[in-house]
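Student: I need the structure of the sequence given here:
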Amino acid sequence: MHYHFIAIGGAAMHNLAMALHDNGQKVTGSDDKVFDPSRSRLKSKGLLPEKDGWFPEKITKKIDAIVLGMHAKLDNPELVKAQKLGLKIFSYPELIYEMSKDKTRVVIGGSHGKTTITSMILHVLHFYKKDFDYMVGAQLEGFDNMVRLSTAPLIILEGDEYLASPLDLRPKFHIYKPQIALISGIAWDHINVFPSKEEYELQFKIFCELMEDVGTLVYNETDPTVKKIALSESKRLFLLPYFYTDYEFKNGSTLINFNGREFELNIFGKHNLLNMEGARKVCRRLGINNRMFFHAMKSFEGASNRMEVFHESKRGVVYRDFAHAPSKLEATVEAVKNNHSSEPLVAVFELHTYSSLNPEFLPEYKNTMDVADVPIVFFNPETLKHKNLPPLNEKKVAKHFGLEKKMKVFTDPKKLDTFLREIEFKKFNLLMMSSGTFDGLDLDALVADLFPDKKGK
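Tutor: As a prediction, the model looks like this:
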């Protein structure tokens, strides 16, 4: 088969392209701009387009299928040409579903925690050398790619609620129709697509309704919205609620007390322990008993950019996280602070997504960074222009967070860099949270100067 990817540089798109290539399929692609890590990873497989841009002359009837990324627009010249030729056009979730219709499909959904939960499940299955396919939104230790498609009988999918493609305006997780699903939590996000909480929450109800009959729904019982949606499907689905297990944070480790047995793990943060319970319930449905699960979890280090220890020294620890939704931001800040309660926490959050930069959505962030000793928000005014959003007032941003007197707000990465370098705490911890890059801030150089006595990772 010859697959051509329009907008091949996307995080999921380039991983799917590499997975098909590794399966022996012919893969070509194009994009107007490809950034790292996608660029270097595509290049290593010989899949990087020779030139940036769109080339409709390359779209011919010899192509078996087009894979269309969300980044492409409806008037994309390659898409227009493919439509004229009558070629098959898939969004990447449609193609994944097409290639997994005969498999047992497990889908992990939720506004937050889905990457971590999916990562935990993959780690446990990989630990026991199970044969499975997967799609996950972060790079994991022990996995070469973020997507695998083979003849395996099982596939684990991270279920994103964002739209599938410009031609397919369904949320991605509506396409997979799982036999086993999990919902980790529901907190309004993607305001550009779902302008109200009610409309956003409806997508999760539809997700459950699209599950196969007599399927298993694992759900976070501590979330009232999730619980309400789950119970509405109690006559059709087998429900498995999850909640916190007994735990203790001690000397940088987490001790889990489960059925009278104690397990020491590397993960921390209440929200991650809740995530782990969801992963455990899914693994039980896949034949992994509790003892096996916790034994495998001893070696779980987490997913890239999810509560990741970026640097560690005698002066403190630097964490990096993908947090962008209010609920995830609050949970991440609290987890790091609780893990280092005696040391100051400098928490830096970048407003980068459409929702986070929207004045109508910003009040959702109130009190989410309260426990940070030095709360900092950064945003790039150019990003606002790119997303066609009105300018933001720095003082109003701090007010939306409820921290007018305490919060620092920056729009220039150089000024942010200077401020961080001038911090006078003898020992402190730094938490960098963004789905962007802080407008090109050189985190490696900054951290090397702030924390010169590196140890460990």
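
Student: CA only for contacts and neighbour counts going forward, please
Tutor: OK.

Student: What values do phi and psi take at Gly109?
Tutor: The phi/psi pair for Gly109 (degrees, to the nearest 10) reads phi -120, psi 170.

Student: Give me the neighbour count for it.
Tutor: Burial of Gly109 is recorded as 26 neighbouring residues (other Cα atoms under 10 Å).

Student: what about the stretch 351-457 of the chain, any weak spots by pLDDT?
Tutor: Applying pLDDT under 70 to the stretch 351-457 of the chain picks out residues 453-457.

Student: Do you have the strands of it handy? List them.
Tutor: Remark: strands assigned in the stretch 351-457 of the chain by DSSP state E, counting those that start in this stretch are 374-378, 408-410, 429-433.

Student: Indicate which one of those is closest to Asn367.
Tutor: strand 374-378 (10.8 Å; Cα to Cα).

Student: follow-up on the earlier one: deepest-packed of the strands of the stretch 351-457 of the chain, please.
Tutor: Stretch with highest mean neighbour count among the strands of the stretch 351-457 of the chain: strand 429-433 (a mean of 24; mean count of other Cα atoms under 10 Å).

Student: on that earlier part again, quick one: which of the strands of the stretch 351-457 of the chain is nearest Ala323?
Tutor: strand 429-433 (5.5 Å).

Student: So what touches the strand or helix carrying Leu20?
Tutor: Per DSSP states H and E, Leu20 falls inside helix 11-22. For helix 11-22, the external contacting residues (Cα atoms under 8 Å, 6 or more residues apart in numbering) are 5, 7-8, 26-27, 38, 42, 45, 47, 69, 92, 137, 145-149.

Student: Swap in 6 Å and give it another go.
Tutor: For helix 11-22, contacts defined as Cα atoms under 6 Å, 6 or more residues apart in numbering pick out Ile8, Met146, Val147, Arg148.

Student: Can you dump the C-alpha atoms of the helix or strand of the chain with the lowest mean pLDDT in PDB for me?
Tutor: Ranked by mean pLDDT, DSSP states H and E, the weakest helix or strand in the chain is strand 246-250, scoring a mean of 77. Extracted as PDB, the C-alpha positions of strand 246-250 are listed here (Å, rounded to 0.1, in the frame of the first residue of the first chain):
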ATOM      1  CA  ASP A 246      -3.700   3.600  50.600                       C
ATOM      2  CA  TYR A 247      -0.400   5.300  50.100                       C
ATOM      3  CA  GLU A 248       2.400   7.200  51.900                       C
ATOM      4  CA  PHE A 249       5.000   9.500  50.500                       C
ATOM      5  CA  LYS A 250       8.300   8.700  52.200                       C
END
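
Student: Name the strands paired with it and say parallel or antiparallel.
Tutor: Strand 246-250 has the following strand partners under DSSP bridges: strand 253-258 (antiparallel).

Student: name the helices or strands packed onto the next helix or strand after the partner strand?
Tutor: Using DSSP H and E, the helix or strand that follows strand 253-258 towards the C-terminus is strand 261-265. The contact analysis (3 or more Cα pairs under 6 Å, 6 or more residues apart in numbering; DSSP states H and E) places strand 261-265 against strand 253-258.

Student: in the strand it packs on, what's buried?
Tutor: By neighbour count with 16 or more other Cα atoms under 10 Å, strand 253-258 contains the buried residues Thr254, Leu255, Ile256.

Student: Lowest-confidence one in the contacts of helix 11-22?
Tutor: Lowest pLDDT among the contacts of helix 11-22: Met146, with 91.

Student: Just give me the neighbour total for the closest residue to Lys328 other than its chain neighbours.
Tutor: Of all residues not flanking Lys328 in the chain, His112 sits nearest, at 6.0 Å (Cα to Cα, 6 or more residues apart in numbering). Using other Cα under 10 Å, His112 has 24 other residues around it.

Student: What distance do you get for His112 to Thr332?
Tutor: Distance, His112 to Thr332, using Cα to Cα, to the nearest Å: 11 Å.

Student: do the same with Lys84
Tutor: To Thr332, Lys84 is 48 Å away according to Cα to Cα.

Student: closest to Pro359 among the buried residues of strand 253-258?
Tutor: Thr254 (38.6 Å).

Student: re earlier: specify which residue of Lys84 and Thr332 has the higher count of neighbours.
Tutor: Set side by side, Lys84 and Thr332 show more neighbours around Thr332, with 27 against 9, by other Cα under 10 Å.

Student: so that one sits in a helix?
Tutor: Yes. Secondary structure assignment (DSSP: H, G, I helix; E, B strand; the rest coil) places Thr332 inside a helix.

Student: Need the CA coordinates for the helix holding Leu20. CSV is fine.
Tutor: What follows is helix 11-22, C-alpha atoms only, in CSV (Å, rounded to 0.1, in the frame of the first residue of the first chain):
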residue,chain,number,x,y,z
ALA,A,11,3.1,14.5,16.6
ALA,A,12,0.6,11.7,15.9
MET,A,13,0.9,11.9,12.1
HIS,A,14,4.7,11.4,11.9
ASN,A,15,4.5,8.5,14.4
LEU,A,16,1.8,6.8,12.4
ALA,A,17,3.8,7.3,9.2
MET,A,18,6.9,5.7,10.8
ALA,A,19,4.7,2.8,12.0
LEU,A,20,3.4,2.1,8.5
HIS,A,21,6.9,2.4,7.1
ASP,A,22,8.2,-0.1,9.6
